[in-house]
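> Pasting a predicted model and its sequence here:
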Amino acid sequence: MGCCTTAEKNQKKRFEVIYERGQLPVIMDIERIVFGSDYGANSWTTVQQVEDLCKLLALDPGDSLLDIGSGTGWPGLYIADQSGCEVTLVDIPLSALKIALDRTLSDNLERRSWVCAGNATSLPFKNASFDVIHHSDILCCLPEKHDVLVSCRDAIRPGGRMAFSVVALSPDLSNEDTARAIANGPEFVESGVSYTKLLEKTGWKVIEYRDLSLECAILCKQLGNIDQERKEQLVKAIGHDGFEDRQNDWQSRLYAIEERLLRREFFLTTPF
């Protein structure tokens with residue numbers, strides 16, 4: 001979520017465009033069909049996955065949830081609505097946070113939800129502030145993965161939990177396959193070491209692990225097919241280049257998963 005280098009600044013601008021486009025009727029309709037949500041989301045997280053996550057986390061009214069890279073509010077606001085917990089949404093693009101703030105009002109969540117412009121590498125909260133931390137497909141879009149996990153470790157309460165999904169390089173790739181994986185993955189997909197090792201280094205113990213690659217591949221196929229069905233509407237809304245960018249995203253991610261170059265992983269963790 002930091003934006004110091006040219007690549008990070010360009011990525012921030014790209015996310016701002018994605019979040020704003022996510023509110024367009026045709027893109028919102030595609031999200032409802034494929035993901036089951038209508039927030040203008042920018043991750044691979046479906047309603048079914050979030051409902052499973054709610055059961056796993058067992059949040060109660062009064063518990064505090066921090067959703068990092070929250071964008072327009074998915075899935076943090078949904079989790080708060082389902083569980084009765086309090087939620088703090090953190091991201092950098094102000095356009096996304098404004099949309100999330102409006103959603104708290106329409107969903108009657110304004111008394112137990114907050115939005116905050118902040119950087120995941122240096123979260124602007126006191127230590128031990130949250131019972132649960134969540135982020136969806138954020139670490140693969142950030143270069144400072146170690147710093148983000150340390151910052152989360154500081155913000156979690158003793159006995160708390162951090163749940164997150166991430167697109168990662170498959171293990172034991174050749175140099176050639178690593179290059180193909182990076183070329184077809186999120187901009188900062190390379191982590192240097194596995195997330196299991198990275199979590200251990202930053203003070204986190206893995207409680208549960210799931211491979212979500214198959215579900216992600218299915219989503220890519222669905223998005224590619226529905227985009228083609230709605231091509232005329234999408235081109236009218238976001239232009240031919242915007243349509244081609246979406247198609248390239250779905251196709252490259254699907255290719256990398258089917259070739260076993262990338263996988264989408266889920267971790268449930270607790271601090272040491």
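Nice, thanks for sending it over.
> can you pull the alpha-carbon coordinates of stretch 116-129 into PDB?
Below are the C-alpha coordinates for stretch 116-129, written out as PDB (Å, rounded to 0.1, in the frame of the first residue of the first chain):
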ATOM      1  CA  CYS A 116      -8.800   5.300   7.700                       C
ATOM      2  CA  ALA A 117      -6.300   6.300   5.000                       C
ATOM      3  CA  GLY A 118      -3.200   4.500   6.000                       C
ATOM      4  CA  ASN A 119      -0.200   2.500   4.900                       C
ATOM      5  CA  ALA A 120      -0.100  -1.200   5.800                       C
ATOM      6  CA  THR A 121       3.700  -1.100   6.500                       C
ATOM      7  CA  SER A 122       3.100   1.400   9.400                       C
ATOM      8  CA  LEU A 123      -0.500   1.000  10.500                       C
ATOM      9  CA  PRO A 124      -1.600   4.200  12.400                       C
ATOM     10  CA  PHE A 125      -2.900   2.400  15.500                       C
ATOM     11  CA  LYS A 126      -1.700   1.600  19.000                       C
ATOM     12  CA  ASN A 127      -0.200  -1.800  19.600                       C
ATOM     13  CA  ALA A 128      -2.600  -4.600  20.400                       C
ATOM     14  CA  SER A 129      -5.700  -2.800  19.100                       C
END
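> Please report phi then psi for the closest residue to residue 153 other than its chain neighbours.
Closest residue in space to residue 153, ignoring its immediate chain neighbours: residue 203 at 4.5 Å, by Cβ to Cβ, 6 or more residues apart in numbering. Every residue, glycine included, has its C-beta placed from N, CA and C. Phi and psi for residue 203, reported as degrees, to the nearest 10, are phi 90, psi 20.
> Surely residue 203 touches residue 151?
No: contact criterion Cβ atoms under 8 Å: residue 203 and residue 151 do not qualify, at 11.2 Å.
> out of these two, which sits in the more crowded spot?
The neighbour comparison of residue 203 against residue 151 (other Cβ atoms under 10 Å) goes to residue 151, with 22 against 15.
> what residue ranges in the stretch 1-150 of the chain are flagged as low confidence?
Judged against pLDDT under 70, the low-scoring parts of the stretch 1-150 of the chain cover residues 1-11.
> Mind jotting down where the strands sit in it?
For the stretch 1-150 of the chain, the strands defined by DSSP state E, counting those that start in this stretch cover 64-68, 86-91, 113-117, 130-136.
> of those strands, which approaches residue 58 most closely?
strand 130-136 (9.6 Å; Cβ to Cβ).
> contacts for that closest one?
43-45, 53, 57, 59, 63-69, 74-76, 79, 85, 88, 120, 152, 155-157, 160-165 (Cβ atoms under 8 Å, 6 or more residues apart in numbering).
> Output that strand as CSV, nothing but the C-alphas.
Extracted C-alpha coordinates of strand 130-136, given in CSV (Å, rounded to 0.1, in the frame of the first residue of the first chain):
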residue,chain,number,x,y,z
PHE,A,130,-7.5,-5.5,17.2
ASP,A,131,-8.9,-9.0,17.8
VAL,A,132,-8.8,-10.0,14.2
ILE,A,133,-6.9,-8.7,11.1
HIS,A,134,-7.9,-9.6,7.6
HIS,A,135,-6.6,-8.8,4.1
SER,A,136,-7.6,-10.2,0.7
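> Would you mind stating the distance between the closest residue to residue 89 other than its chain neighbours and residue 80?
The shortest distance from residue 89 to any non-neighbouring residue, by Cβ to Cβ, 6+ apart, is to residue 70 (3.6 Å). Distance of residue 70 to residue 80, computed by Cβ to Cβ, to the nearest Å: 11 Å.
> any idea how far residue 36 lies from residue 92?
Applying Cβ to Cβ to residue 36 and residue 92 gives a distance of 26 Å.
> if you count what's nearby, which of the two comes out ahead?
residue 92 (18 against 13).
> first vs last residue of stretch 167-186, how far apart are they?
Stretch 167-186 has an end-to-end distance of 8 Å (criterion: Cα to Cα, to the nearest Å).
> Disregarding flanking residues, what is the spatial nearest neighbour of residue 141?
Spatial nearest neighbour of residue 141, excluding adjacent residues (Cβ to Cβ, 6+ apart): residue 186 at 5.1 Å.
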